[in-house]
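>>> build the 3D model from these lines:
(2 chains)
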Amino acid sequence: SVAKLRIPKRYRHPALEERLSRRRMAQEARSLLRCRRAGISAPVVYFVDYVTNSIYLEDIVDSITVQDHINAVQRSGNDTSSLLVLAEKMGELLARMHDEDIIHGDLTTSNILLRPPTEKLDLVLIDFGLSFISGLPEDKGVDLYVLEKAFLSTHPDTEMMFKALLKTYAATSKKSGPVIKRLDEVRLRGRKRSMIG
Amino acid sequence: MGLTHQLELFPECSVALLLFRHVRNAAALRKMAMEGSVEGALINPAMIVDPFQILVAANKAVHLHKIGKMKTRTLYAEIIFSLSPNNNISDAFKKFGISDSDTAVLIVLVMNREKTVNLEDIASQVEGQQVSLDELPHLTDTAKVKKMYKVTPQEEKIGTLLDSVVCRMSTKDVL
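Numbering: from 1, shown residues only, chains lettered A, B, ... in the order given. Sure thing, here's the model as predicted:
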């Protein structure tokens, strides 16, 4: 198993540190259970230690992050159309997660794992420390926006990938309309973006 | 004799599992367990899918025992309680403990350096045949387990029954 220990952030006030640590761990445990009950692939929780605020999770053996995978495919110069299929799978997974009103809170390509063998595109979501439950399209839109920013800044030339991801997301999730709408609005809110009109 | 496993997080503790079939004195054993005259947690093997499930329960029980935060009165009662997906102690005993009509019994013992436990002595109190833990899957009532832990059909697609069971055991008191 993997032990997830929260390293105390010494710059925080101790009372706040304790509360935050506890809350994040609890949120993670809750979200992981909620994901699994809905059939969304996430690590199994083996043990929750309330004393040290650490959580013991299933170790997804020999997995690689989607981040590493994309980098490897791009570097090898191989056919990148497989990345579009990967994007579609990601879109589908996230749609199902959002349909359960689970907001990941920290969506990046390093928080999505690929179980071996990689070609099967068997995805596992991890790192739910910042997750929460919400049905609001705003929260889901922001969740996707965070992923988009992380995606495009980490992986050059992946605009088509993300487009494919969103397309499948919209097709999979029945509640996607308002979410995509909010995503467009959130994009307009970014840095150096004029909020006029 | 049976299966003994060291707890990863508490290496000074070892958990022993003894499985018995064709048990004739379940009622007497249950009485002895309630009186405290038999050592160990007496568990209904029909509700157990894998020894790992017991280890997870034992790990949690030992942890809570060490920090003085057990919900029940003894370590063995706490192990039985930890198996339950809910926080109702008497329900846990009813569903996971043995009943008078049971013909199979799983005895779980926790041993550490200070406390030596004689496994033969305990086994001799059972009027039945001790068998290997390999027979546990034959005794599991999968349907009953799924119902007790409220396992969803979607969940079965992404993992084993053991995964679902352990997840609920470990997160039942997260608030």
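
>>> which residues of chain B lie near chain A?
B:8-9, B:56, B:59-60, B:63, B:67, B:152-155, B:157-159, B:163-164, B:166-168, B:170-171, B:173-175 (C-beta under 8 Å from any C-beta of the partner chain). (Each C-beta comes from the backbone N, C-alpha and C, glycine too.)

>>> buried ones from these, can you make that a ChimeraX selection?
Here is the ChimeraX selection string for the buried members of these, based on 16 or more other C-beta atoms under 10 Å in any protein chain shown:
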select /B:56,59,60,63,155,158,159,163,164,166,167,168,170,171,173,174
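
>>> can you confirm B:Val15 is in a helix?
No: B:Val15 sits outside any helix when classified using DSSP: H, G, I helix; E, B strand; the rest coil, being strand.

>>> please name the spatially closest residue to it (chain neighbours excluded).
B:Ala58 (4.7 Å; C-beta to C-beta, 6 or more residues apart in numbering or on different chains).

>>> wait, is the one you found part of a strand?
No: using three-state DSSP, the assignment for B:Ala58 is helix, not a strand.

>>> which residues of chain A lie near chain B?
A:1, A:26, A:29-30, A:32-33, A:36-41, A:44-49, A:51, A:56, A:58.

>>> now with 10 Å, please.
In this structure, chain A approaches chain B at residues A:1, A:3, A:22, A:25-30, A:32-51, A:55-58, A:96, A:122, A:124, judged by C-beta under 10 Å from any C-beta of the partner chain.

>>> now those residues: which count as buried?
Using 16+ other C-beta under 10 Å as the burial test, the residues of chain A next to chain B include A:25-30, A:32-50, A:55-58, A:96, A:122, A:124 as buried.

>>> tell me the SS of the residue in chain B that chain A sits nearest to?
For chain B and chain A, the shortest gap (C-beta to the nearest C-beta) falls at B:Gln154, measuring 2.6 Å. Following three-state DSSP, B:Gln154 is assigned to helix.

>>> tell me which element the closest residue to B:Ile98 other than its chain neighbours falls in.
What sits nearest to B:Ile98 in space, not counting adjacent residues and going by C-beta to C-beta, 6+ apart, is B:Leu42, at 4.8 Å. Take DSSP states H and E as the rule and B:Leu42 turns out to sit in strand B:41-43.

>>> what packs against that strand?
Applying 3 or more C-beta pairs under 10 Å, 6 or more residues apart in numbering or on different chains; DSSP states H and E, one finds that strand B:41-43 contacts strand B:13-21, helix B:26-35, helix B:51-66, helix B:75-83, helix B:89-96, strand B:105-112.
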